[in-house]
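Undergrad: coordinates only, sequence not included:
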């Protein structure tokens, strides 16, 4: 039996002020072909999964906190206990709008690499409204900060 223990997974911190811990896939001891899964903690007041898209379909399940979910041309508030379905190739973004950390579980399938992690770390994410579709009206700006070296 293979167990991934969240308390033992350091994860990776991203420039957009979040920490991602892979539970299935990535550096996790659990590997699956059909899906990947992990926990993301977004820092208060603006921590973000920046505007991006990917080939896989995905679910964000909000474990704790309140934020702004953007999906294509839509923008809405999402909070504890809610899940959002993200179709393949549709641009999406999640921003913590609260004063406390926001925690969410992601699941996407099929398993495999998603380019936005590497792009964010390299400072090469496609920019909303320039290299990618614009964010919905009124949305929090996309974090495109380059990592500090």
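TA: Yep, that arrived. Not measured: the values here are computed from a predicted model. Numbering: from 1, shown residues only.

Undergrad: secondary structure element for the most centrally placed residue in the chain?
TA: Against the mean C-alpha coordinate of the chain, by CA atoms, centre = their mean, the closest residue is residue 49 at 3.9 Å. Counting by DSSP states H and E, the element that carries residue 49 is strand 48-52.

Undergrad: what comes up buried for the helix-or-strand element of the chain with minimal mean pLDDT?
TA: Scoring the helices and strands of the chain by mean pLDDT, DSSP states H and E places helix 115-122 at the bottom, with a mean of 90. Neighbour counts over helix 115-122 (16 or more other CB atoms under 10 Å) mark 116-117, 120 as buried. No exception for glycine: its C-beta is placed from N, CA and C like everyone else's.

Undergrad: re earlier: so which elements touch the strand holding residue 49?
TA: Packing partners of strand 48-52 (3 or more CB pairs under 8 Å, 6 or more residues apart in numbering; DSSP states H and E): strand 36-42, strand 92-96, helix 115-122.

Undergrad: what's the angle from the last one to strand 48-52?
TA: Between helix 115-122 and strand 48-52, the angle formed by their directions is 110 degrees, by axes from the mean of the first three to the mean of the last three CA atoms, to 10 degrees.

Undergrad: other residues contacting helix 115-122?
TA: Residues outside helix 115-122 that contact it (CB atoms under 8 Å, 6 or more residues apart in numbering) are 12, 14-16, 20, 50, 52-54, 125-126, 147.

Undergrad: now the terminal residues of stretch 122-141, how far apart.
TA: End-to-end distance for stretch 122-141: 19 Å, by CA to CA, to the nearest Å.

Undergrad: before we move on, what about stretch 131-138?
TA: End-to-end span of stretch 131-138 (CA to CA): 19 Å.

Undergrad: could you do stretch 2-21 as well?
TA: Termini of stretch 2-21 sit 16 Å apart (CA to CA).

Undergrad: list the buried residues for it?
TA: 4, 9, 11, 14-21.
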